[in-house]
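[1] Build me a structure from this.
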Amino acid sequence: MEFWGITDRGKVRRDNQDAYYISESEPRVLLVCDGMGGAKGGAVASDLAIKTFRTAISDKLRADMQPNEAADVLHDAARMANTAVYELSLADEHLSGMGTTLVGAVVCGESAVVINVGDSRCYKLHNGGIRQVTKDHSLVENMIDRGEITRAESYSHPNRNLITRAVGTMAEVESDIFTEKLTSGDALLLCSDGLSNIVTEHEMLRMASAEPDKAANDLLRLALDRGAPDNVTVVILRK
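    Predicted coordinates for the structure are as follows:
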């Protein structure tokens, strides 16, 4: 199993409020968080969410877990991360209103269990194709569901960055879980919207077919070449 992660503040933002994590041991865990809120709140939220999530899963996840067991651990970890970020936002007025997206994956045997809150995404590459695993918790996604706009129209919609769910903005959070079978050669690509907003799925597929370190760097370079108005984070795992 090969993996790589990279993050960059982009060409416009002064700070990088994204954060990511890749576990060093089995089971492999990948996390990407995209923070929001104030001058420093977003960076604090994403960093705290990842640290809390890591602590919550450290003694509970096992490589031989069934997907439903891993899902329970991930749900609990997301709740703990939410509580940590929310309570700190209430305790420090300079961090009021901060929050973060969260997308993560844990590989247990032949399956990957994916969790998400917000609009950071997980894609699966399989048999020469690419598919978005997660579903955005966003205003435009809701509009697509209601038939008000098309998927193509969502990419240029003025409210495309407004999310409807985040870690730490409310006392409770709801996370979604997806389970994917992984076979040899399959890959998972996790990213913040700094990548998915300006790089197409076709381009992701073409570049992510390389080794994970080259793929992640090439995707970041493409985002930077296009002006990268937001922080960019890419994490790739190949089985």
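[2] Check for me that residue 233 belongs to a strand.
    Yes. When classified by DSSP: H, G, I helix; E, B strand; the rest coil, residue 233 is found to be part of a strand.
[3] Would you mind measuring from it to residue 75?
    Distance of residue 233 to residue 75, given as C-beta to C-beta, to the nearest Å: 23 Å. In this view, the C-beta of every residue, glycine as well, is placed from N, C-alpha and C.
[4] Just want to know which of the two has more residues nearby.
    residue 233 (29 against 16; other C-beta atoms under 10 Å).
[5] Identify the residues contacting the more buried one.
    With contact set as C-beta atoms under 8 Å, 6 or more residues apart in numbering, residue 233 has these partners: 5-8, 18-20, 32, 34, 120, 191-192, 194-195.
[6] Of those, just say which sits nearest to residue 111.
    The nearest member of these to residue 111, counting by C-beta to C-beta, is residue 32 at 19.6 Å.
[7] In three-state terms, label that closest one for me.
    The three-state assignment at residue 32 reads strand, by three-state DSSP.
[8] Can I have the buried ones of the contacts of residue 233 as a ChimeraX selection?
    Buried residues within the contacts of residue 233, by 16 or more other C-beta atoms under 10 Å, are selected in ChimeraX with:
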select :5,6,7,8,18,19,20,32,34,120,191,192,194,195
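[9] What is the nearest of the contacts of residue 233 to residue 94?
    residue 19 (18.9 Å).
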